[in-house]
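> prediction below, plus the sequence it came from.
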Amino acid sequence: MTNADVTELWLEALAAERGTAASSLKTYRSDIACYLGWLGERRLADVTRQDMVAYLAHLDLRALSHSTISRRRSVATGIHRFMVAEGLRASYPAAELQPMKRPERLPFTPGSRLWLLATCVRGVRLRGFSNPLIS
């Protein structure tokens, strides 16, 4: 079975069994295309744990947002999980991968809020807008 065949089966299963929205399926299709492009000629059925680790490192090097990396990782692992469940491969190559950690976000401080507001006001003035409330 080709990678394209597996991809179509997986997307159809997501739509039928989980009721995944069309917009999400479009995003997943794009993400799986990225993964398959990275795999090149390798078949999904032949992907190893080392391949998965290398793909995740590839995503990290591209300076993508945390949410994009997380979604692409989920898509790549999801299609392999589907393949195991459907008997299209014997083992799950992402079985021992560590979960991603969400980056810590620091709260706004009163000073940072004032700086943000001042920057916005300065930007409005620089563009030539006049507003009597901020002049």
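Alright, I've got the coordinates.

> as a check, name the ranges of all helices in the chain.
Under the criterion DSSP state H, helices of the chain are mapped to 3-18, 22-39, 49-61, 66-85, 110-126.

> what's the mean pLDDT across the last one?
I take that to be helix 110-126. For helix 110-126, mean pLDDT is 66.

> list the contacts for Thr77?
When contacts are counted by CB atoms under 8 Å, 6 or more residues apart in numbering, Thr77 touches Met52, Ala94, Leu97. Every residue, glycine included, has its C-beta placed from N, CA and C.

> and among the helices of the chain, the most buried is which?
helix 66-85 (a mean of 17; mean count of other CB atoms under 10 Å).

> so it versus helix 49-61, what angle?
Orientation of helix 66-85 against helix 49-61 (axes from the mean of the first three to the mean of the last three CA atoms, to 10 degrees) gives an angle of 160 degrees.

> quick one: low-confidence ranges for the protein?
The model of the chain has pLDDT under 70 over residues 99-106, 108, 121-135.

> got the domain ranges for it?
Here the domain assignment for the chain is 3-85, 106-135, based on automatic domain parsing.
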